[in-house]
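Chemist: quick one, fold the following:
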Amino acid sequence: MDIYKQYEHVCEQASIDDNIFNTFKSIPIYKQILEHVTYDICISNYGFGEFDKNIQDNYVDKVLKYCNNFYIIYNTQRVHDFIIDLKNEPEDPKSGQFNTLYYK
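Modeler: The predicted model follows:
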């Protein structure tokens, strides 16, 4: 079933079931269809690299996947898979051993 059919089904269910209606905005298909947005640029100066992997994964899924451009300075040696393939260069001036600018 494509996402629009899924959304239509959820809408139909919400029209006849108060529990579904009351939680409609928390249903993933609602967010996928109606709250899908893009961002012109996402900037992170050191913060993203300091999150644990679970928070990074969540941030990638909810924010970075929808960014048209990135400017991320990473300050840890372990780089998230989503970030590692972006263009990169050493931070200049270098303020830490592993600091690298990733951008798109």
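Chemist: report the contact partners of residue 86.
Modeler: 70, 72, 102, 103, 104 (CB atoms under 8 Å, 6 or more residues apart in numbering). Using the backbone N, CA and C atoms, a C-beta is placed for each residue, glycine as well.
Chemist: now distance to residue 64 too, for these, in JSON lines please.
Modeler: As requested, the contacts of residue 86 are exported to JSON lines (distance: CB to CB, whole Å):
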{"residue": "70", "distance to residue 64": "7"}
{"residue": "72", "distance to residue 64": "9"}
{"residue": "102", "distance to residue 64": "11"}
{"residue": "103", "distance to residue 64": "12"}
{"residue": "104", "distance to residue 64": "10"}
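Chemist: give me the contact list for the stretch of helix or strand residue 10 belongs to.
Modeler: Here residue 10 sits within helix 3-16, counting by DSSP states H and E. With contacts defined as CB under 8 Å, 6+ apart, helix 3-16 is touched by 1, 20, 21, 24, 27, 29, 30, 32, 33.
Chemist: surely the fourth one meets residue 30?
Modeler: Yes. Contact criterion CB atoms under 8 Å: residue 24 and residue 30 qualify, at 5.9 Å.
Chemist: now find how far off-centre the helix holding residue 10 is within its chain.
Modeler: The chain centroid and the centroid of helix 3-16 are separated by 25 Å under CA atoms, centre = their mean, to the nearest Å.
Chemist: just the C-alphas of that helix, formatted as PDB.
Modeler: C-alpha atoms of helix 3-16 as PDB (Å, rounded to 0.1, in the frame of the first residue of the first chain):
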ATOM      1  CA  ILE A   3       1.800   6.100   1.700                       C
ATOM      2  CA  TYR A   4      -1.200   8.100   0.300                       C
ATOM      3  CA  LYS A   5      -3.400   5.000   0.600                       C
ATOM      4  CA  GLN A   6      -2.100   4.500   4.100                       C
ATOM      5  CA  TYR A   7      -2.900   8.100   5.000                       C
ATOM      6  CA  GLU A   8      -6.400   7.800   3.500                       C
ATOM      7  CA  HIS A   9      -7.000   4.700   5.500                       C
ATOM      8  CA  VAL A  10      -5.800   6.400   8.800                       C
ATOM      9  CA  CYS A  11      -8.100   9.300   8.000                       C
ATOM     10  CA  GLU A  12     -11.100   7.000   7.500                       C
ATOM     11  CA  GLN A  13     -10.300   5.200  10.800                       C
ATOM     12  CA  ALA A  14     -10.000   8.500  12.600                       C
ATOM     13  CA  SER A  15     -13.400   9.600  11.400                       C
ATOM     14  CA  ILE A  16     -15.000   6.600  13.100                       C
END
